[in-house]
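In: Starting from these lines, generate the structure:
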Amino acid sequence: MADQKQKKEEFYVISVAAELTGMHAQTLRTYDRLGLVSPARTSGGGRRYSRRDISLLRRIQQLSQEEGVNLAGIKTIIELTDEIEDLQSRLEYAEEENRELKQKLSSGPRPGGELVHVPRSTAVVMWNPRRGRGSRRNGQG
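Out: Sure, this is the predicted structure:
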């Protein structure tokens with residue numbers, strides 16, 4: 001499925017990406033070298049910029065020119081933004097999984113048994129094989 005998405009996505013050669021962002025091609029090469037934007041590559045090594053790459057280049061330009069952030073700061077911002085997006089995605093997945101588990105638990109007793117609430121202070125008789133009889137323990141076990 002990811003392959004189908006990638007086939008439908010538009011990619012731009014470096015000259016078109018430079019024109020779309022109002023930057024020089026050499027600037028795009030520098031950003032690639034610094035790891036700010038890592039476009040896809042052809043088998044021959046040519047850079048192919050996606051729409052996401054173009055958006056990221058525009059964001060870099062805005063941070064640099066309008067906000068006065070240096071390239072090291074921009075790289076940190078990009079890395080932290082990516083990390084936040086990853087964590088948000090993982091959180092959404094965990095929340096969905098949690099909802100599904102809660103729904104399963106609330107759907108009633110399972111075949112073969114029922115869930116019963118036992119208060120912690122209740123004494124429990126446990127089998128002790130050494131003594132051959134039950135031993136009394138406070139519900140701490």
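In: And the helix ranked longest in the chain, how far out from the chain middle?
Out: Under DSSP state H, the helix in the chain containing the largest number of residues is helix 71-106. On the basis of Cα atoms, centre = their mean, to the nearest Å, helix 71-106 is displaced by 5 Å from the centre of the chain it belongs to.
In: what does stretch 17-33 give?
Out: 28 Å.
In: Same check on stretch 10-27?
Out: Per Cα atoms, centre = their mean, the displacement of stretch 10-27 from the mean C-alpha position of its chain is 28 Å.
In: Show the model's pLDDT score for the most centrally placed residue in the chain.
Out: Taking Cα atoms, centre = their mean, the centroid of the chain lies closest to D86, which sits 2.3 Å from it. Looking at D86, its pLDDT stands at 96.
In: quick one: buried residues of stretch 35-54?
Out: L36, V37, P39, R47, R48, Y49, S50, D53, I54 (16 or more other Cβ atoms under 10 Å). Placement of C-beta: from N, CA and C, glycine included.
In: got a list of contacts for the helix or strand hosting the fifth one?
Out: Pointing back at R48 there. Assignment of secondary structure by DSSP states H and E places R48 within strand 47-50. Contact with strand 47-50 is made by 9-14, 16-17, 28-29, 32, 37, 39-42, 57, as judged by Cβ atoms under 8 Å, 6 or more residues apart in numbering.
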